[in-house]
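Asks: Below are the sequence and a predicted model for it; my questions follow.
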Amino acid sequence: MNKGALKTIIILFLLNALAIFGWWLFYRRLDDAGGRIGVLREEIFAADAKQKNIKLLEETLQSIGDDRSKIEDVFVDEKSVVGFIENLEKVAADAGASLEISSVSLQAKVEDGGPSFNLNLEGSFGRLLKFLTLLENINYQVKIGTARFSVLNSGIWDLQVKLNLLSYKF
């Protein structure tokens, strides 16, 4: 063989080796890009799911907007305690009993169960029971600590109630 043919074979061999190495680098980068594409695709799916969840949450919040105001009306804070007292007076009037609030303790602590009210009511026994029944049905969560009945005179009863307001915003 002559030197020209040997040079040609060596050059062709080197060119083939260079081409194989180039293809190997190309496919390796393609594989790396495929991995990054997979990660990006997962991130896109996660972001899309988050957007759908946010949209669903917004729709849910809009649908319960009316109910939210009803729920907020159940809770009392220092500013709206007068409304609660007016509600107690209305319940007593509906029951046909006279109501006197002897004391109110607004130093509310979570462990105390909310503000406490000492109520004195007068009326017939049936009207006082009606007051207690109506008290169970008011919009607020209350706990009756004690209820003491006593007879004042013929047909007139006295009811002393210690009431805790549980639906209080601390």
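Replies: That came in fine, so what should we check first?
Asks: Show me how the chain divides into domains.
Replies: For the chain, automatic domain parsing gives the domain ranges 3-63, 72-165.
Asks: mind putting these in JSON lines, mean pLDDT included?
Replies: Listed next are these as JSON lines, based on pLDDT from 0 to 100:
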{"stretch": "domain 3-63", "mean pLDDT": "88"}
{"stretch": "domain 72-165", "mean pLDDT": "89"}
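Asks: can you list these in JSON lines and add mean neighbour count?
Replies: In short, each C-beta sits where N, CA and C put it, glycine included. Output for the domains of the chain, formatted as JSON lines (neighbours: other C-beta atoms under 10 Å):
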{"stretch": "domain 3-63", "mean neighbour count": "10"}
{"stretch": "domain 72-165", "mean neighbour count": "15"}
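Asks: the strands in the chain, which residues?
Replies: With DSSP state E as the criterion, the chain has strands at 98-105, 116-123, 142-153, 156-165.
Asks: Switch these over to TSV; also include distance to residue 84.
Replies: Output for the strands of the chain, formatted as TSV (distance: least, C-beta to C-beta, whole Å):
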stretch	distance to residue 84
strand 98-105	10
strand 116-123	9
strand 142-153	9
strand 156-165	7
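Asks: Could I get the full set of helices for the protein?
Replies: 3-63, 65-74, 81-95, 125-136 (DSSP state H).
Asks: Report the angle between the shortest one and helix 81-95.
Replies: Interaxial angle, helix 65-74 versus helix 81-95 (axes from the mean of the first three to the mean of the last three C-alpha atoms, to 10 degrees): 80 degrees.
Asks: cool, and the longest one?
Replies: Orientation check (the same axes, to 10 degrees): helix 3-63 against helix 81-95 gives 50 degrees.
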